[in-house]
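In: Sequence first, then the predicted structure, then my questions.
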Amino acid sequence: MSTIIVDKIAKSFGATQAVKDVSFEVRPGEIFGLLGPNGSGKTTSIRVILDIYQPDSGSVTILGGPMTNVKLNQIGYIPEERGLYQDVPLDRCLTYLATLKGLTEDQVNERLPKYLAKFDLTDHAKKKAKELSKGMQQKGQLIAALIHDPEIIIIDEPFSSLDPVNTQLVKDLLIEQRNAGKTIVMCTHQMNQVEQLCDRLVLIDHGRVLLEGELSEVRKRFRTNEVIIDALNPLPEQLKGVSRIEKLNDAYRLTPQEGITAQELLTELVEQGIKLNSFEVAVPTLDEIFIRVVKEGNGDYE
Amino acid sequence: MNKTMNVARYEYLHHVSNKRFWISLIGIPLGFVLLFGLSALLSRLSFDTRPVGIVDKSDLIQLEPDNSINSTFFEPQIYLQVFADERAALASIKANEIQGYAILPEDYLSRFQIIYWANKQPLSDVISLISDFVSKNLMVSENIAPEVVSRINEGNQITLQSLDGSQVYEETNTDRIAVPILVGGLNFILVMTSGGYLLQALVEEKENRTLEILLTSVPSREIMAGKIIGNLSIGFTEIGSWVILLGIAGVVLRDKLEFLMALDISFSYVAVSIALTIFSFIFSAALMVTIGAMMTSSAEAQGVTGLMVIPMMLPVYLFGTFMNNPNGILPRVLSFFPLSSPLAIALRMAISSVSQMEILLAFVVIFSLTLLMIWLAGVAFKRGMLLSNPRLLLRKKFNKETRDA
């Protein structure tokens, strides 16, 4: 049974249609990427899933039914607009947010020190949020999202404004949570992170689903016969069976003619006496797939 | 409910631990004491307690002046002193023993004209004192019985009775005016303290960008209820503290406050007024939530808190209208408007008669409007608090969007 089922949801604000006919499913224990350019409807979709907004049409099933107050306690959420109470000491702020997720103060007192230690915040627990660095505040928000041991973790733009060290920390944390059986929805437009973390993804733009599926399957679907070679000597201007030669930084991208396989291309290169350092079939990056799908979808990706 | 109380407790402790709360808790009564204390002291120091002389050339005066009440610092008395002739009075005024003297000329009984001699303008108390004393002597000279003289001086007591028998108003019962003052003060304090804190709490939630986390932990109406309960409790804490302080002051100054024990105010009148005040506050709290959803900064919120006081205090601004015709259209309309209703009804009940049916109807109207306002606040809170330009909410929300509520 899917953890989250989004079925044909639509939501508009006045004349602006933020989301239209969006459907996807998130399975238990996976990291699911909800992708899309800025203003594509990702955050609105998340807010509909979280019952902050009621959809104009369509429905959301979460943990087997509609959202309830009890289910709110089983969700950990980090919104895109990060926030903590700025004038309140970190430990008091986190205790308050944890009790709103159904923990008793005794439970918070037992768990919080461990989380603070894990995120290297023990020495900063009594400081007000405004006295903490941005990275520390981000870690505080992660604690708020995890301390109640939620079944589902939803993170909007998990890596925005994080330095490389904290980016790695969040990535490790997401993998750890997935390994612990938690379902994670990651809402982002940073494709390199998605490639490293996500099991499945949905790409939406202008409120519509453009692409959905397993990461490996999506990449396979968009794979071409192009090859990338690192040649030790310059390539001739034309090669038999090659329709286009593109010079990259330290390599060439060869686009074969219709019906020509990579193997045939390799044979041709060898026959031409070109010495190769490497030869690989080009697999499109998610960035490339993203740009291509969005451009094909509406042609105005910025 | 548990989460509502969690929100309420957090709000309460957060604000109570803030120095603004303590400044307000101590500063307001201290300010009042300083203001009224200084004003009373200055007034007392400028009160001339020297006797006032009377020179009777018309042979009217038969009674001795009643100088039996002791003059104290808190209740100063001006005594009358009868002089045999003008020369003696003049000598006394030159010796600074009296503040002035009145002369009843020989033809007083034909012209009824009194001349008052003094170096400075007399207080109205002095004029009343002379006038009352001369009037009493006039009546005695006409052989009117002393008890009738006394009755005439006290004036008639007119009792107003509503036709259905539900309301009785005694014209001389001026004690009732204490209730509108109480209601006005309570309203003002609740709005300026609890209301201000509430609006600030909402805007801070926006500034801290914590609302979205809250909304995924607690249903919006529970957040709103928690915030209202928490911030209302702050107002009651302040009022409770001041009541205790007043109680202590009352015990200490009990000899000086005997008049309070003699106040003739019915319990039901006070109860109606306070109940209306609490309903009115809940309405204004919901209104503040709705407005708070549109605000983007604490500075804006503070401005709105001040504006909220204006409709509440409308009956005070329109005091003349209320006095002239307490059951006229305007006082009646204001009795059904939640923000002004407590003060309007309390004021009307103090100076006139308001039927039970009208009071009941006011409760029904205000209760219904309060429920409606809470519903609207729920919609505004959930929608407006997350919009980047919440003012657009005014245009969007109350048409198509309201069905989401």
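Out: Here it is on my side, so go on.
In: Can you name the residues that contact the residue in the stretch 1-150 of chain A that chain B sits nearest to?
Out: Taking CB to the nearest CB, chain B has its nearest neighbour within the stretch 1-150 of chain A at A:Gly83, 3.0 Å off. In this view, the C-beta of every residue, glycine as well, is placed from N, C-alpha and C. Taking CB atoms under 8 Å, 6 or more residues apart in numbering or on different chains, we find A:Gly83 in contact with A:141, B:208-213.
In: now B:Ala344
Out: B:314-315, B:322, B:331, B:334-335, B:337.
In: coming back round to it: can you pull the pLDDT of the residue of the stretch 1-150 of chain A closest to chain B?
Out: pLDDT, A:Gly83: 83.
In: go on, B:Asp175?
Out: For B:Asp175, the pLDDT comes out at 63.
In: other SSEs contacting the helix or strand bottoming out on mean pLDDT in chain A?
Out: Ranked by mean pLDDT, DSSP states H and E, the helix or strand of chain A with the weakest confidence is helix A:286-298, at a mean of 77. If contacts are counted by 3 or more CB pairs under 8 Å, 6 or more residues apart in numbering or on different chains; DSSP states H and E, helix A:286-298 sits against helix A:191-197, strand A:200-205, strand A:208-214, helix A:215-221.
In: give me phi/psi at A:Val60?
Out: For A:Val60, the backbone dihedrals (degrees, to the nearest 10) come out as phi -130, psi 130.
In: can you pull out the helices in chain A?
Out: Taking DSSP state H to define them, one finds helices in chain A at A:42-49, A:69-72, A:90-100, A:105-118, A:134-146, A:164-179, A:191-197, A:215-221, A:262-271, A:286-298.
In: Which residues belonging to the second one are considered buried?
Out: Neighbour-count burial for helix A:69-72, counted by 16 or more other CB atoms under 10 Å in any protein chain shown, picks out A:71-72.
In: Please apply the same query to the longest one.
Out: Of all the residues in helix A:164-179, those buried under the rule 16+ other CB under 10 Å are A:166-167, A:169-171, A:173-174, A:177-178.
In: Now name the helix or strand holding the closest residue to chain A within the stretch 51-200 of chain B.
Out: Chain A sits closest to B:Gln200 of the stretch 51-200 of chain B, with a gap of 11.2 Å, by CB to the nearest CB. Using DSSP states H and E, B:Gln200 sits within helix B:196-208.
In: for that helix, what is the average pLDDT?
Out: Here the average pLDDT along helix B:196-208 is 82.
In: is the very next helix or strand once past it up against chain A anywhere?
Out: Where DSSP H and E defines the elements, the next helix or strand beyond helix B:196-208 is helix B:211-215. Yes - Helix B:211-215 comes into contact with chain A (CB under 8 Å from any CB of the partner chain), by way of B:211-215.
In: With respect to chain A, which of the residues you listed is nearest?
Out: Comparing the residues of helix B:211-215 next to chain A against chain A with CB to the nearest CB places B:Glu212 closest, at 4.2 Å.
In: quick one: low-confidence parts of chain A?
Out: For chain A, the stretches with pLDDT under 70 are A:161, A:297-302.
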